[in-house]
Structure formats: C-alpha cells, structure tokens
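J.: just coords:
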C-alpha cells in the first residue's frame, strides 16, 4: 500500500502542477497569490510524496526521543505529547480558518480540491498525534481497509480529480 500511496502523491503532484501551470498561463484576470494556489497544492503533494517514501516523521520522532532521553525529560514525555497534540490541533484549526477566509473566492469555486486538501490535512494531523494509543485505532482494519489509508487515499483522489477537472476547464 505504501508504494501505491507514493505513486498517488506523485501523480497528484503532477496533475496539480499542470492545473497550476494552466491557471498561471491562461487566467489573466486573476492576480496575486490566488493564482498560485494550485502550484502550492502541487508542492504540498510533492512534499508528501517524498515524506511518504522517506518516512521523515519517524526520523523526527526518533530525534525527539534521543533529545528527551539526553535531557532527562523522557519520563515526562506524556505531558509534552499532550501539549504537542493540543498545539497541533489548535494551530491547524487557526491556520485552516485563516486560509479559507483569505482565499474564500478560490475555495468557493474549488470545493472538490478543498475537500481533498482537508482530507490530507486531517490525515497529517492524525498522523502527527498518533502516539501509541491512537496508533491502535488507525492500525485496525474494517473490511480490509485501515482508517489512515482511507483518509490519505481519499484526499489524494479528490485533489487529483479536482486537478483533472481544472485542466479540462470544468468547475472543481
């Protein structure tokens, strides 16, 4: 499933990049940062593709463990984990509210893309807070599908479909 997901992110990044290229080249009436949102989505998808392949979050977690053991904080790690979880949820929520308000006109016309990005952001937050107890939930299978696969793959699919629709000139 990992390789399939990496390929999905790669294809999604290419499609979003094509949609962005089309938007930048052919949509003269849109100016400013809104014109570059497809390019930002393509960059996000490309980063998530690389991250999926290299498992950068596990590296970051292991570096954190080494630092916590070295500094003598490891026994109190649950307190720091709670603070991290609350910070991740609050930070993501505040960013999502600001971002959707700032680019409201774009998101209003690109609901499919917004759904895909929200699925991916939800997946990222879930993975970021997936300490041992939560890992048990996302590791369970329902009808052969794990919840984290469903979130991640649904987000990739929605972004990719939105990008294809943008490329062919349909509302996304």
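T.: Structure's in. What do you need? Not measured: the values here are computed from a predicted model.

J.: how near is the residue of the chain positioned farthest from its centre to residue 153?
T.: Distance from the C-alpha centroid of the chain peaks at residue 72, with 33.0 Å (CA atoms, centre = their mean). Plainly put, residue 72 is 41 Å away from residue 153 if you go by CB to CB, to the nearest Å. Heads up, the C-betas are built off the backbone N, CA and C, glycines and all.

J.: again, but for residue 85
T.: For residue 85, the distance to residue 153 - CB to CB - is 24 Å.

J.: same deal with residue 24?
T.: Taken as CB to CB, the span from residue 24 to residue 153 is 28 Å.

J.: who has more neighbours, those two?
T.: residue 153 (17 against 14; other CB atoms under 10 Å).

J.: ok now do that one, which residues does it touch?
T.: 5, 8 (CB atoms under 8 Å, 6 or more residues apart in numbering).

J.: and residue 152, how close does it get to residue 160?
T.: Distance from residue 152 to residue 160, by CB to CB: 13 Å.

J.: same check, this time on residue 11
T.: Taken as CB to CB, the span from residue 11 to residue 160 is 6 Å.

J.: these two: who's more crowded?
T.: Neighbour totals were compared for residue 11 and residue 160, and residue 160 leads with 23 against 16 (other CB under 10 Å).

J.: that one falls within a helix, correct?
T.: Yes: under DSSP: H, G, I helix; E, B strand; the rest coil, residue 160 falls within a helix.

J.: once you drop chain neighbours, what's closest to it?
T.: residue 12 (4.5 Å; CB to CB, 6 or more residues apart in numbering).

J.: shouldn't that neighbour be in contact with residue 45?
T.: Yes: using CB atoms under 8 Å, residue 12 makes contact with residue 45 at a distance of 4.5 Å.

J.: thanks a lot, see you next time.
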